[in-house]
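**Q** Pasting a predicted model and its sequence here:
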Amino acid sequence: PEPEPEPEVPLASAPADLNAEEPPAPPPLAVDAEVRRLRGALSTAQATIEALEEPQVPPAVLEDIVVPQHVVADFARMGRWLVHEDLGRATMGGMAMLHPDVQGAVVSTRMLTMMPRIDERSLVAGRLGMGAPRGARDDWRLLEVLLASVSMATGGPAAVIHAHGPYTTAMSCEKDLIVLQPIDAIGKKHIGRIIIVEPDDQDQDAFLRQAVEALQQGGMRCVVVRGHGAYAVGADLTQAWSNASMVEHSMRVAMLARQANLKT
């Protein structure tokens, strides 16, 4: 007779690791569904907030000049940025740029435009040297000469922002102070010195010449009108806003250092 097979001996299992963490249990279906619902709600809320912060604006038709939708949107966004960065309040401040498609045309915010609520109705347009359009700001001629000066430096595009930063304005009110000198590293590197010019309603032409000279002496970044804020320039509104923001930051640092009686 054939020999009976030997019974199989079960292999000894490895001892359990008492310190090993148990894998997390899968979440209940109800919890998983709630997480997906909350994520969807957050996405919807984010889209709603973005739509409120970046509202759709139509192009502006100003006399015989059409301002494209993306340019109007740039003005609207920049107005909110100025308020957010404390460079303007309500109707304080403004901006202008050379039209990207119409040679010699200037697009500017209107007189007393609400900075956080700029739309196509908030703009005016005119041509260099042809006089201020209806509804233009009082400083239209200053905007013109600054834009023309920047355009010569860039070979075309130009923008200017009139910022009412409290620290820059306060520093400019110091009697007999002609040069604002940043003491922080970023201000020294990217802004340099800032020249203050005196407003002159009696001799506007002389004032405009001084403003252009001050802008050139300040490295084509900014010029400050005593007690009236800073006119920061750039190839576009974003660059002008960046210069205005850095100037205000540097003047805040300088003011705080002065109040703390620091040796600089």
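**A** Structure received.
**Q** got any ranges where the stretch 101-250 of the chain has weak pLDDT?
**A** Counting by pLDDT under 70, the stretch 101-250 of the chain shows no low-confidence range.
**Q** Sketch out the strands for it, chain order is fine.
**A** Using DSSP state E, counting those that start in this stretch, the strands found in the stretch 101-250 of the chain span residues 105-109, 123-127, 159-163, 179-180, 194-197, 222-225, 229-234.
**Q** list the helices and strands the last one packs on?
**A** In this case it means strand 229-234. With contacts taken as 3 or more CB pairs under 8 Å, 6 or more residues apart in numbering; DSSP states H and E, strand 229-234 sits against helix 140-154, strand 159-163, helix 166-172, helix 204-217, strand 222-225, helix 237-259. (Each C-beta comes from the backbone N, C-alpha and C, glycine too.)
**Q** right, and Pro68 touches Val102 too?
**A** No - contact criterion CB atoms under 8 Å: Pro68 and Val102 do not qualify, at 10.2 Å.
**Q** how about CSV for the strands of the stretch 101-250 of the chain, with mean neighbour count added?
**A** Listed next are these as CSV, based on neighbours: other CB atoms under 10 Å:
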stretch, mean neighbour count
strand 105-109, 26
strand 123-127, 22
strand 159-163, 29
strand 179-180, 18
strand 194-197, 23
strand 222-225, 26
strand 229-234, 27
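**Q** Quick one: the helices in the stretch 1-150 of the chain, in order.
**A** If DSSP state H, counting those that start in this stretch is used as the criterion, the helices of the stretch 1-150 of the chain fall at 29-53, 69-84, 140-154.
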